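In: From the sequence below, what's the structure:
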Amino acid sequence: MNITIVGTGYVGLVTGSTLAELGNSVYCVDIDEQKVEAMQNGKIPIYEPNLEEMFARNIQAQRLFFTTDLKEALDKSEVIYLALPTPPGEDGSADLSYVLGVAEKIGMLMTGYKVIVNKSTVPVGTAENVRQVIASKTTIPFDVVSNPEFLREGFAVEDSMNPSRVVVGCSSARAREIMSAIYQPFTNTGIPIIFMDEKSSELTKYASNSFLAVKITFMNEIANYCEKVGADVDKVRLGMGSDDRIGHRFLFPGIGYGGSCFPKDVKALIRSGKGENFDFQLLQATEVVNINQKTILVPEIENYFGGNLQGRRIAVWGLAFKANTDDIREASSLDNIRALLNKGAEIVAYDAIAEDNVRRLLGDQIEYAADMYSALDGADCLLIITEWPEFKNPNFKLMASRLNNKAIFDGRNMYAVETLEQNGFFYKSIGRRTVENTGKKI
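Out: Purely as a prediction, here's the structure:
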C-alpha cells in the first residue's frame, strides 16, 4: 500500500520506518528542506536505538522516501498519516494549528478518496474538527481516523514492531477495511487491533499516559514518605509490584517524569476537562507533585554544604529526560541545573547522547565533560539525573580519587545503598536511607 506521513519528528519517522518495514511504500513529508535532504542521504535526525538500521534498510529497499512536496505525496497515496506536533499552549491546551493547517492543505490538494489518519496526540473531538476543515475545501469523499501511538522513547522500534495493541477510532466501514489491511501483519501474529469511535480513541491516548504519570507520581510520594518513617522504597515497590493488579512497571521512584508526552498530555487533559466544566483533581495534584519532585535533591545538596552553594562545582551525570534518547524536553536535568546555577553553583555535565541538545539551549552557562569520569575532576559532589547504562557499574575508587568529596546524590537509585556504604561515600537517593560519610572535606 502507498502511505504518506506528514511530519518527520519522533512519531512520524518511527511510524514511517515501521510501515515501510511492513512492506508499504511510504512517502514522508516535511517542510524543512535541509532535514529532508539529509534524510534522503540516509542521515537520521533523531537518536533512537535500532531506528537507524531500519531507516537505512528501507531507504535501500526503496520503500521509504522523503519530500517537501505535499501534493506529490498525496497523489501517490490513499492513506495519509498526520504525525504533527501538538505543543501545549500557555493555558496547557494542545495547539492544533499544525494539524488543522495541514488538514486544510489536504482538502485543497486531494484529487481522490483518502483516509486521513491522525497519529498526533490530540484532544477529544479533533477528528471531527479535521473532518470539518477538509470538508470545507473539497467535495471529494474521504474519512478521518484516530490511530494514537503508544511508543516509549528508547524502545520505540520494539514498541512499533511488536505493539501491545493497535487502537483505531473509526466510523467508516471503508476506512476500517483499509486500516485492517495496514495492520494485518500485526493481527496475524496475535496482536489485537481494537476498533472504537474516534472520541474514545483520542481519549484512550490521554488516559493511558495520564494514568502512567499518576502511577509514577504515586510511587514518588511513597518514596518520600519512606524516608520519613525509615522504610525502604525498593522493598515496598517489590511488595506492591508482585500484585498482578498493580505490576512492577512504572513503580521506580526518582526525580519526576519528563519528556514530550507525560507532562504535555497531563496538562492537555486537565485543560480539556476545564473546557467541559470538569475538574481533574487527581491530575492537578499529580502535576504539582511532579514539579516539586524534579528538584527534590537540590535542598539536600544545599544542606550537605551547610546551606551555601556559592562557587561549589557540581558534576551532573545525564541530561536526557530518560536513558536511550537524546530528548531533553521537560527533562529534570534542566530544572536541577537552573536551580543550582541560581544558587551560585558551577555545573559540569556529561551525557554522550543529549549533550548537543543541551548546548543549543544552555550554551556556555555550564561546562561539558568528555566522559563520565572527567566530569568528576575537581567537583565537590556528583548528581545523577539519567539512568544511562554506562553509569550502572562505575569504578568507585576512581570516582573517589577525582571528587573533592565522596558525595553522590542519586536521582535514579542507581546503586545499592550497601555498596556506597562499603566504599565510604555519602549517598543520598530517593526513598531509601541516607549513607552518611563523616570524612567529607567540605
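
In: State the mean pLDDT of stretch 139-156.
Out: Averaged across stretch 139-156, the pLDDT comes to 95.

In: what does stretch 13-29 give?
Out: Here the average pLDDT along stretch 13-29 is 96.

In: would you put the C-alpha positions of that stretch in PDB?
Out: C-alpha atoms of stretch 13-29 as PDB (Å, rounded to 0.1, in the frame of the first residue of the first chain):
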ATOM      1  CA  LEU A  13       9.800   9.000  11.500                       C
ATOM      2  CA  VAL A  14       9.300   5.900  13.600                       C
ATOM      3  CA  THR A  15       5.800   5.300  12.200                       C
ATOM      4  CA  GLY A  16       7.000   5.800   8.600                       C
ATOM      5  CA  SER A  17      10.000   3.500   9.000                       C
ATOM      6  CA  THR A  18       7.800   0.800  10.600                       C
ATOM      7  CA  LEU A  19       5.100   0.900   7.900                       C
ATOM      8  CA  ALA A  20       7.900   0.700   5.300                       C
ATOM      9  CA  GLU A  21       9.300  -2.300   7.200                       C
ATOM     10  CA  LEU A  22       5.900  -4.000   6.900                       C
ATOM     11  CA  GLY A  23       6.200  -3.700   3.100                       C
ATOM     12  CA  ASN A  24       4.400  -0.500   2.300                       C
ATOM     13  CA  SER A  25       5.800   2.400   0.100                       C
ATOM     14  CA  VAL A  26       6.000   5.300   2.500                       C
ATOM     15  CA  TYR A  27       6.400   9.000   1.500                       C
ATOM     16  CA  CYS A  28       7.500  11.200   4.400                       C
ATOM     17  CA  VAL A  29       6.700  14.900   4.000                       C
END
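
In: Low-confidence stretches in the stretch 1-150 of the chain?
Out: Low-confidence regions of the stretch 1-150 of the chain, defined here as pLDDT under 70, do not occur.

In: repeat that with 90
Out: For the stretch 1-150 of the chain, residues meeting the criterion pLDDT under 90 lie at 10, 46, 87-94, 120.

In: and the gap between the residue nearest to residue 128 when sequence neighbours are not counted and residue 107?
Out: Closest residue to residue 128 apart from its sequence neighbours, by CB to CB, 6 or more residues apart in numbering: residue 198 at 7.1 Å. Glycine gets a C-beta too; all of them are placed from N, C-alpha and C. The gap separating residue 198 from residue 107 is 18 Å, by CB to CB, to the nearest Å.

In: try residue 65
Out: Look at residue 65 and residue 107: by CB to CB, they are 23 Å apart.

In: quick one: the helices in the stretch 51-200 of the chain?
Out: 51-60, 70-76, 97-109, 126-135, 156-161, 173-182, 184-187, 198-229 (DSSP state H, counting those that start in this stretch).

In: CSV for those, including distance to residue 434 and mean neighbour count?
Out: Shown next, in CSV, are the helices of the stretch 51-200 of the chain (distance: least, CB to CB, whole Å; neighbours: other CB atoms under 10 Å):
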stretch, distance to residue 434, mean neighbour count
helix 51-60, 40, 17
helix 70-76, 57, 18
helix 97-109, 47, 18
helix 126-135, 47, 20
helix 156-161, 36, 19
helix 173-182, 53, 16
helix 184-187, 48, 14
helix 198-229, 8, 19
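
In: so which of those helices gets nearest residue 324?
Out: Set against residue 324 and scored by CB to CB, the helices of the stretch 51-200 of the chain come closest in helix 156-161, at 9.4 Å.

In: Residue 307: how many residues sit nearby?
Out: Using other CB atoms under 10 Å, residue 307 has 9 other residues around it.

In: what about the residue nearest in space to the middle of the chain, helix or strand, and which?
Out: Nearest to the mean C-alpha position of the chain, by CA atoms, centre = their mean, lies residue 259 at 3.7 Å. Using DSSP states H and E, residue 259 sits within no helix or strand.

In: Contacts only, for it.
Out: Listed by CB atoms under 8 Å, 6 or more residues apart in numbering, the contact partners of residue 259 are 153, 321-322, 325, 327, 329-331.
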